[in-house]
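> how would this look folded up:
(4 chains)
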4 protein chains.
Amino acid sequence: MSEHVSIGLIGAGRIGRVHAKNIRQRIPQARLLAVADVFEEAAQRAAADFDIPAAHADPRFIFDDPAIDAVVICSSTDTHAQFIRAAAEAGKHIFCEKPIHLELTEIDKALAAVEKAGVKLQIGFNRRFDPSFKRARDLVASGRIGEPHLVRITSRDPEPPPIAYIKVSGGIFLDMTIHDFDMARFLMGQEVTEVYATGGVMIDPAIGEAGDIDTALITLKYENGVLGSIDNSRKAVYGYDQRVEVFGSRGVVVVSNKTPDNAVVGDSDGFHAPLPLFFFIERYGEAYVEEMQAFVDSVLKDKTPPVTGIDGRIPVVMGYAAWKSYRENRPVKLEEIEKKHK
Amino acid sequence: MSEHVSIGLIGAGRIGRVHAKNIRQRIPQARLLAVADVFEEAAQRAAADFDIPAAHADPRFIFDDPAIDAVVICSSTDTHAQFIRAAAEAGKHIFCEKPIHLELTEIDKALAAVEKAGVKLQIGFNRRFDPSFKRARDLVASGRIGEPHLVRITSRDPEPPPIAYIKVSGGIFLDMTIHDFDMARFLMGQEVTEVYATGGVMIDPAIGEAGDIDTALITLKYENGVLGSIDNSRKAVYGYDQRVEVFGSRGVVVVSNKTPDNAVVGDSDGFHAPLPLFFFIERYGEAYVEEMQAFVDSVLKDKTPPVTGIDGRIPVVMGYAAWKSYRENRPVKLEEIEKKHK
Amino acid sequence: MSEHVSIGLIGAGRIGRVHAKNIRQRIPQARLLAVADVFEEAAQRAAADFDIPAAHADPRFIFDDPAIDAVVICSSTDTHAQFIRAAAEAGKHIFCEKPIHLELTEIDKALAAVEKAGVKLQIGFNRRFDPSFKRARDLVASGRIGEPHLVRITSRDPEPPPIAYIKVSGGIFLDMTIHDFDMARFLMGQEVTEVYATGGVMIDPAIGEAGDIDTALITLKYENGVLGSIDNSRKAVYGYDQRVEVFGSRGVVVVSNKTPDNAVVGDSDGFHAPLPLFFFIERYGEAYVEEMQAFVDSVLKDKTPPVTGIDGRIPVVMGYAAWKSYRENRPVKLEEIEKKHK
Amino acid sequence: MSEHVSIGLIGAGRIGRVHAKNIRQRIPQARLLAVADVFEEAAQRAAADFDIPAAHADPRFIFDDPAIDAVVICSSTDTHAQFIRAAAEAGKHIFCEKPIHLELTEIDKALAAVEKAGVKLQIGFNRRFDPSFKRARDLVASGRIGEPHLVRITSRDPEPPPIAYIKVSGGIFLDMTIHDFDMARFLMGQEVTEVYATGGVMIDPAIGEAGDIDTALITLKYENGVLGSIDNSRKAVYGYDQRVEVFGSRGVVVVSNKTPDNAVVGDSDGFHAPLPLFFFIERYGEAYVEEMQAFVDSVLKDKTPPVTGIDGRIPVVMGYAAWKSYRENRPVKLEEIEKKHK
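As a prediction, the model looks like this:
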């Protein structure tokens, strides 16, 4: 393989454009050669904005192009698995946004195709690449806080997605909590075996009418006995709230939010600090660069990507367990989901 | 009644001495006239240290003294209920440390005696009087954060109590979490209807051998649908960790720890802030004064005390529900405990 | 001497009452036997409130009472020096509020009388006893931050005193900055040799008409070359602002403000932290207890008090140097003031 | 003029490479066409790294190239003024690193050439583009803190430059404090009229032997009476310390340092926060992009650049005043420097 990775982008929506810009500007070892989007106009706009030589509606031309080493899949969730399979069959390395699919059967077929083809697959769990969470993970792994006992994850969005999106999203546990499930695994380097999920519709009745909930509190049990807690809300009026804490026998690591600036104003009412960075595009700006750099490095140096297909699959199982737990109001073991799946 | 409340103290151990000192130095409307302790020497030492005129082993002389308006019960947990009954029958107002008793039957007999006698009873849930938690409660009650959705309580001790104490304590949920159960009710002004408790022995196997656990994570459901989470550890190496957070539709209130000073040191390793105040005596020093002041005010002004007998009873029910939940690994409704009790 | 110190209080205004309450409630080794105030009614009110057996307008009866070991002088500034002399001549130990006097000649006569009588004299520079500033001092003294290079002191009041008070106060440098001059010496354990003071009337023209300024910025040079900066304002709308920073070759220590609680509210406008404790009574509540305890200990254990007469005199010299510097717009050496004085 | 600005870079050292990378990656409206460096190898390395078509030792070819619209001057300080003149004469717009020159005569000649040519000139006071300082400036300008009374600037480097550099740097006031002089003007939108500078050699005697000092404390008086204070150190062991505070009649704005992550570790020694971002390259990474974007916008939209030639000149005058003040130990008015210069 050459010193560069030639990339084809599939999906030129918001997150696709983030990756396009990063590959173009920030990843010197990558070349963006093609872009596809079912809305051809979106593909062409991305091509114009980011100097991408080729743009079409059908991604087939990307799979067929022998000059392309890797694909970055940012299309709608329901297409991820099929494009993974197509890319794998074409011998392309794959970066794919989460989740792989909402059906485990589809995920398993996609992962089998990847394994058969021997290509790299990295899943877009971007938060692992945030410098604060990465440092928390490193501190835990190094033993700095001793044996971990408790994990707390707070993850609240500044505003809910459109109802139309919610309807096809798989619901809060598969769409939103899935990131926290990944974070829970990442921070500890341990598997979760049981999930107990509670929640409710507290923000918008329309979310409930769409069959989803907007607020959740989830308890995790890890294989080594550690306990975890995740709380989610679709709407924090003060902005994107992304905090974690790991407590152990020798100490604690606490990650707080990131603000656009460090200017605090004091007046006769109090001292006023800025809101957190608005949403994922702002909060994880650097993380998106880092994850793409890591993917490109994995391809160039023939290394296992830092977020594998299995890392993409397990949080989906956790999401199913959470839904089952929520509906039956009881703790659910992940193996229940696996058994049912088999 | 006069302008002063004359008080007899029962139990001259650590917390009894805290109250004695506060009554003596900080509550001008109170007089400490007598002290009793099964260890007569402890009673006499307290009498000498805090200028208390009378000291005996048997508290009978306090109940019998017509000059005494109120008793402060700080003896061992198993004696609280019987002393409440004796005090009520003698027409004394009562301040009693938590918990009232580990048996609901005993609690109910004690509360019935109090009701029959028409005396005041205040339970020693001191944390309600901490300025930070009080302000959090006031902010929630005032609607400052809108409709509450989520409550998070972190409550970790700096070190576990002696094993001998643990054996008679009722276990973590009735001894330690009981304060957090009270805080959960206090912050929201709402009742909890269901508890799901998980935990483990992570700090000291001897705690497990004593039939208890040392680490816990509890999920609460309130009658109005709000969700709560409590995490407990018997040993945080960085000291007494007492934080709460209430998240709502219009904002969030976050209470952090209190430190003995505000001096931060920066050096080539980082910026180093002081540990929290060591333990409850330090952390809640002012709260102990405030709760006793509130009790004395209730007596003098014939008002309902701010923490009633029912407030003392419900967290015990929650503790039972937590133990049942932990043992059966399923959410348990408080009414299950009540039904079984009846 | 007995195990107790019997004290007579001279001056029953605001600060006199703070000391009376502390002696009464918090210093078990002290007895408050008498109180004097030119406003006899104030003396009598203090006597009633704090159980002081004797109250008169003329402090003579305190100096004449052989049962009294020590006096606490809280009368108006212009009387401090004469009462120190009278107390010394009567063989009483002395705690005196700052400043000793606005005239160095008077200070020197008072200190001479103290020395001749061999009694203890402690000056009321309360801030030294604040736990945060004390810790900063200890860290500097221990070498934790290496060789000190720079000192920064921010000291801003929440509101200016009445104009009538300003007129007799000696002006900002002798009334307000005097505390910071003491802090500058205390933090470093070094003498300041030169002062450069700037300032202006920015808050209230009436302060200017009274011959004073309300905002100041002062540069200090220490004997060992360290540089210091003090900034003062008579009115910080966000409350009493009392911060220090010492920067050295191996690190920095930064003391921030103290708040009444640790509850922070987040909403759509930002994160809002509480104002600092309002003013000196609140901010230095514990420091007032500690300084009186230290005085009583000095008397009982025959030790040099922690803030001596010289410690009371030097900041007055610094205040004179600051005024001279401000008026002549040039740095002024302390020895200039001393020479002129001799 | 076209939609793009074609740029020639003069000087391919550390800061030149920062600008080259930013222009290449982050400023879509700019094209980097040429690079010059007296060390031709440095020019060629930059050309290779950032895809710059032409690289030579002599910058003449840049001035002579009609395709080039603007130059970015990052060569050694002593060459800035001559390259500004040459560029102006060639009709190129100019971005120039600070300081323009260490001699006012040279600065004035350069500014005259710029004025005569009618080209844009922006000086590289990057800190104005930092989001926190920018927000502080905006808050002051908007009246959010009322009438300003006091400004405090803390500016400490993590390590001193090489002695060889110090010798030709103009000394601390012209090399390091110059940024703070600019910040002082920027934050207030007001001119400083008088400077009082103190300082010493506290870090490294070799700095003193080179005729410089390494620690400084400077007092500023503004034309409107506001007072300012700057403290500098060449070596803060905890890293690059860049804080400002503006205090006014209605409030205060405080800017604290920026850290690479928000993970805090608590253990039995305290709570440990990360060090600030190491030095200017890290701390002002985004600010360098913003200032170049602003320069390119000024050229494309024919606007006055946000940091003009006068903005580059005045801090040099302030630096001279500071040196004079330091040497004569007295406050020095800026007009003294101007008169002497004329």
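> distance check, A:Ile145 against A:Leu277.
26 Å (Cβ to Cβ, to the nearest Å). C-beta coordinates here come from the backbone N, C-alpha and C atoms, glycine included.
> compare those two and say which one has the larger neighbour count.
Using other Cβ atoms under 10 Å in any protein chain shown as the criterion, A:Ile145 and A:Leu277 rank with A:Ile145 on top: 23 against 19.
> helices or strands next to whichever helix in chain A runs longest in the packing?
Ranked by residue count, the top helix of chain A under DSSP state H comes out as helix A:309-328. Secondary-structure packing of helix A:309-328 (3 or more Cβ pairs under 8 Å, 6 or more residues apart in numbering or on different chains; DSSP states H and E): helix A:104-117, strand A:121-123, helix A:172-175, helix A:177-188, strand A:192-200, strand A:215-222, strand A:332-333, helix A:334-341.
> same question for that helix, mean pLDDT?
For helix A:309-328, mean pLDDT rounds to 98.
> any idea of the angle it forms with strand A:215-222?
Angle, helix A:309-328 to strand A:215-222, by axes from the mean of the first three to the mean of the last three Cα atoms, to 10 degrees: 120 degrees.
> what's near enough to touch the closest residue to chain C within the stretch 51-200 of chain A?
At 9.6 Å from chain C, A:Pro158 is the closest residue in the stretch 51-200 of chain A, using Cβ to the nearest Cβ. A:Pro158 sits next to A:Lys235, A:Ala236, A:Val237, A:Gly239, A:Tyr240, A:Phe278, A:Phe279 when contact means Cβ atoms under 8 Å, 6 or more residues apart in numbering or on different chains.
> ok, and the most crowded of the residues you listed?
A:Ala236 (27 neighbours).
> make sure that one is actually in contact with B:Val252.
Yes - applying Cβ atoms under 8 Å as the test, A:Ala236 and B:Val252 come out as touching, 7.1 Å apart.
> in the longest helix of chain A, what's buried?
By 16 or more other Cβ atoms under 10 Å in any protein chain shown, the buried positions in helix A:309-328 come out as A:309, A:311-326.
> quick check: residues of chain A near chain C?
A:Val237, A:Tyr238, A:Gly266, A:Asp267, A:Ser268, A:Asp269, A:Gly270, A:Phe271, A:His272, A:Ala273, A:Pro274, A:Leu275 (Cβ under 8 Å from any Cβ of the partner chain).
> switch the cut-off to 10 Å
A:158, A:236-239, A:241, A:257, A:259, A:264-276 (Cβ under 10 Å from any Cβ of the partner chain).
> look up phi and psi at the residue in chain A sticking out farthest from the centre.
Most distant from the centre of chain A: A:Ser268, at 42.2 Å, with distances by Cα atoms, centre = their mean. When read as degrees, to the nearest 10, the backbone of A:Ser268 gives phi -70, psi -10.
> got it, and A:Thr308?
Torsion angles, degrees, to the nearest 10, at A:Thr308: phi -90, psi 180.
> hang on, isn't it packed against A:Leu111?
Yes - contact criterion Cβ atoms under 10 Å: A:Thr308 and A:Leu111 qualify, at 9.1 Å.
> who's more crowded, the two?
Shown here are A:Thr308 and A:Leu111; by other Cβ under 10 Å, A:Leu111 has more neighbours (21 against 16).
> how near is the residue nearest to that one when sequence neighbours are not counted to chain B?
Once flanking residues are discounted, A:Leu111 sits nearest to A:Gly309: 4.4 Å by Cβ to Cβ, 6 or more residues apart in numbering or on different chains. Separation of A:Gly309 from chain B (Cβ to the nearest Cβ, to the nearest Å): 30 Å.
> relative to chain D, how far out is A:Gly309?
Taken as Cβ to the nearest Cβ, the span from A:Gly309 to chain D is 28 Å.
> surely that residue and A:Lys109 touch.
No - counting by Cβ under 10 Å, A:Gly309 stays clear of A:Lys109, with 11.4 Å between them.
> now for these two: what residues contact both?
A:Ile84 (Cβ atoms under 10 Å, 6 or more residues apart in numbering or on different chains).
> so which bits of stretch A:156-173 are buried?
Buried-residue list, stretch A:156-173, by 16+ other Cβ under 10 Å: A:Arg156, A:Asp157, A:Pro158, A:Pro160, A:Ile166, A:Ser169, A:Gly170, A:Gly171, A:Ile172, A:Phe173.
> an error on my part: the question was meant for stretch A:267-274.
Neighbour counts over stretch A:267-274 (16+ other Cβ under 10 Å) mark A:Asp267, A:Gly270, A:Phe271, A:His272, A:Ala273, A:Pro274 as buried.
> which one of those residues is nearest C:Val119?
Nearest to C:Val119, judged by Cβ to Cβ, of the buried residues of stretch A:267-274 is A:Phe271 at 45.7 Å.
> could you give the bridge partners of that closest one?
Bridge pairing for A:Phe271 (DSSP bridges) gives the partners A:Gly266, C:Ala273.
> how much space separates it from A:Ala263?
11 Å.
> so what sits against both of the two?
Here A:Phe271 and A:Ala263 share the contacting residues D:Val254, scored by Cβ under 10 Å, 6+ apart.
> remind me which residues of chain A are low pLDDT?
A:1-2 (pLDDT under 70).
> number of residues surrounding A:Ala294?
18.
> how about the helix or strand where A:Ala136 lies, does it reach chain B?
Secondary structure assignment for A:Ala136, by DSSP states H and E: helix A:131-141. No - using Cβ under 10 Å from any Cβ, helix A:131-141 stays clear of chain B, coming no nearer than 11.8 Å.
> residues contacting the residue most central in space within chain A?
Central residue of chain A (Cα atoms, centre = their mean): A:Phe125, 3.1 Å from the mean position. By Cβ under 10 Å, 6+ apart, the residues touching A:Phe125 are A:97-99, A:178-179, A:181-183, A:185-186, A:287, A:291, A:306-307, A:311-312, A:315.
> do you know how far it is from chain D?
Taking Cβ to the nearest Cβ, one finds A:Phe125 at 18 Å from chain D.
> who's in contact with the closest residue to that residue other than its chain neighbours?
Distances taken as Cβ to Cβ, 6+ apart place A:Asp182 nearest to A:Phe125, at 4.4 Å, with adjacent residues excluded. A:Asp182 sits next to A:98-99, A:123, A:125-128, A:307, A:311-312, A:314-315, A:318 when contact means Cβ under 10 Å, 6+ apart.
> same thing with A:Gly251?
So A:Gly251 contacts A:139, A:144-146, B:236-238, D:265-269, D:271-272 (Cβ under 10 Å, 6+ apart).
> mind listing the residues bridging to it?
Under the criterion used (DSSP bridges), A:Gly251 bridges to A:Gly248.
> doesn't A:Phe63 make contact with A:Ala117?
No - the pair A:Ala117 / A:Phe63 is not scored as a contact, 11.8 Å apart, by Cβ under 10 Å.
> identify the contacts common to the two.
A:Ala87, A:Ala88, A:Glu89, A:Ala90, A:Gly91, A:Lys92.
> quick check: phi and psi on the second one?
Dihedral pair for A:Ala88: phi -60, psi -50, per degrees, to the nearest 10.
> next, count neighbours for it.
25.
> do you know how far it is from A:Val296?
A:Ala88 is 18 Å from A:Val296, by Cβ to Cβ.
> go on, the fifth one?
Noted for A:Gly91: a distance of 17 Å to A:Val296, by Cβ to Cβ.
> which one's more surrounded, the two?
The neighbour count for A:Gly91 versus A:Val296, taken as other Cβ under 10 Å, is higher for A:Val296 (23 against 13).
> touching, the more buried one and A:Pro306? I think so.
No - assessed by Cβ under 10 Å, A:Val296 is found out of contact with A:Pro306, at 11.9 Å.
> farthest-separated two in the buried residues of stretch A:156-173?
So for the buried residues of stretch A:156-173, where distance means Cβ to Cβ, the most widely separated pair is A:Pro158 and A:Gly170, at 20.7 Å.
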